[in-house]
Structures are given as C-alpha cells and as structure tokens.
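> here is my input, please return the structure:
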Amino acid sequence: MTTSLFIGRFQPFHKGHLHVAKSLSKKYDKIIIGIGSSQEKNTKNNPFSYNERKAMVSKTLKNNKIKNFKIYPIPDLYDDYKWTEHILKKLPKFDAAYSGNEWTIRCFRKHKIRAQKIRLVKEINSTKIREMMVENRDWRGLVPLEVADYIKRTSSIKRIEKLYRS
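As a prediction, the model looks like this:
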C-alpha cells in the first residue's frame, strides 16, 4: 500500500491543485492532503480557515471521483526540524511528499524523506486568484466549480477585499 503526502495552503484550492491530486490518486493507493498554515485565517495571505479549506478540497475531490484521500491540518511551527517532526508524528506514514513550496521540499529532504516539487502552472496560483477577486476580474475559470460555488455562497470575496484594503 503506497501513500503520498500533498501539502499546500490551498488559499483557495485551484485547478492546478486538482490536477496534482488527480495525478497522485492514480499513482498512489492513498493521498494525505496536508493543509498548511492551518492555524491561520482572516489574513491577506491566508483568508480561509482550515475548516473552509478542508470543505473546499473535500467536496472538489469527491465530485471528481477521488476517494482515496484524507485531510489533516498542518500548523506553522517556525522551526524546520520541529515542523517536519510534527508531521511525521501526527500524520500517517507516507512514501513521498509533494509540494509547490521549495522550503517544504527542503525540510523533508533534510529528514531523508523522498520529496518532489510539483510543477507549478504559471497562470494559476492562489495569490493571483485572490488578487483577481479584489480587482473584480474573472477568476472563476481558475478554480474548480465546487470552490467557486463555496466562495460565492459564503460571500468570501467581501472578506478578501476587506483584508486587502487593511
């Protein structure tokens, strides 16, 4: 039984993230989705809470027929060693870690854990999506339908606009 760890902040979960999750679901028996900066919410860089991100990711993956996943919070500990040790103790055993963040990859490699940087899609990133929301530009095509619906239903754009103005 093989297991992968896919770590991201998912602020919000977008089509690039979904592409990686689909790929990992075919390659591994199980996927652990680690939602990073899990203690952060209502900030410019982290507007969505852990529970909001978990809801968006879970609904999107289920609607895309990905069933072999489980979601875990991963808080920031501001210490490379403690952060990696926390993950190894609190999450199920995994065979490889995947992230778009170079620092995350370095942390795992220091612990001799197989880690691979995912190829980022230049046009799709969460920061750009949040900026597009604030600028009233069309961002919906960059996120799965489930995420766009969640953001609309929860009036999250108003909150993000307010965070960008403060």
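
> residues contacting whatever helix or strand E85 lives in, please?
Element membership for E85, per DSSP states H and E: helix 80-90. Contact partners of helix 80-90, identified using CB atoms under 8 Å, 6 or more residues apart in numbering, comprise 5, 34, 72, 74-77, 103, 106-108, 110-111, 113. Backbone N, C-alpha and C define where each C-beta goes, glycine included.

> between the residues you listed, which is closest to K54?
Using CB to CB, Y72 comes nearest to K54 of those, at 9.2 Å.

> quick one: the strand or helix carrying that closest one to chain centroid distance?
According to DSSP H and E, Y72 maps onto strand 69-74. How far strand 69-74 lies from its chain's middle: 10 Å, per CA atoms, centre = their mean, to the nearest Å.

> got a list of contacts for that strand?
Under CB under 8 Å, 6+ apart, the answer for strand 69-74 is 7, 21, 25, 30-39, 50, 54, 57-58, 61, 86-87, 90-92.

> ok, 10 Å please
Strand 69-74 is contacted by residues 3-10, 21, 24-25, 28, 30-39, 50-51, 53-55, 57-58, 61-62, 83, 86-87, 90-92, 104 when judged by CB atoms under 10 Å, 6 or more residues apart in numbering.

> please identify the buried residues of stretch 17-25?
Neighbour counts over stretch 17-25 (16 or more other CB atoms under 10 Å) mark H17, L18, V20, A21, L24, S25 as buried.

> sorry, that was for stretch 131-151
M133, V134, W139, R140, L142, V143, P144, E146, V147, A148, Y150, I151.

> which ones are touching the first one?
The neighbourhood of M133, defined by CB under 10 Å, 6+ apart, consists of P12, P47, W139, R140, I151, S156, I157, K158, R159, I160, E161, Y164.

> what's the answer for the last one, then?
Remark: with contacts taken as CB under 10 Å, 6+ apart, I151 is in contact with 12, 47-48, 52, 56, 129, 133, 139-140, 143, 157, 159-160.

> possible to save the residues you listed as TSV with pLDDT, secondary structure and distance to I118?
Listed next are the contacts of I151 as TSV, based on pLDDT from 0 to 100; DSSP: H, G, I helix; E, B strand; the rest coil; distance: CB to CB, whole Å:
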residue	pLDDT	secondary structure	distance to I118
P12	98	coil	17
P47	98	coil	22
F48	98	coil	20
E52	98	helix	22
M56	98	helix	18
I129	97	helix	17
M133	97	helix	23
W139	97	coil	21
R140	96	helix	23
V143	98	coil	17
I157	95	helix	27
R159	95	helix	28
I160	97	helix	24
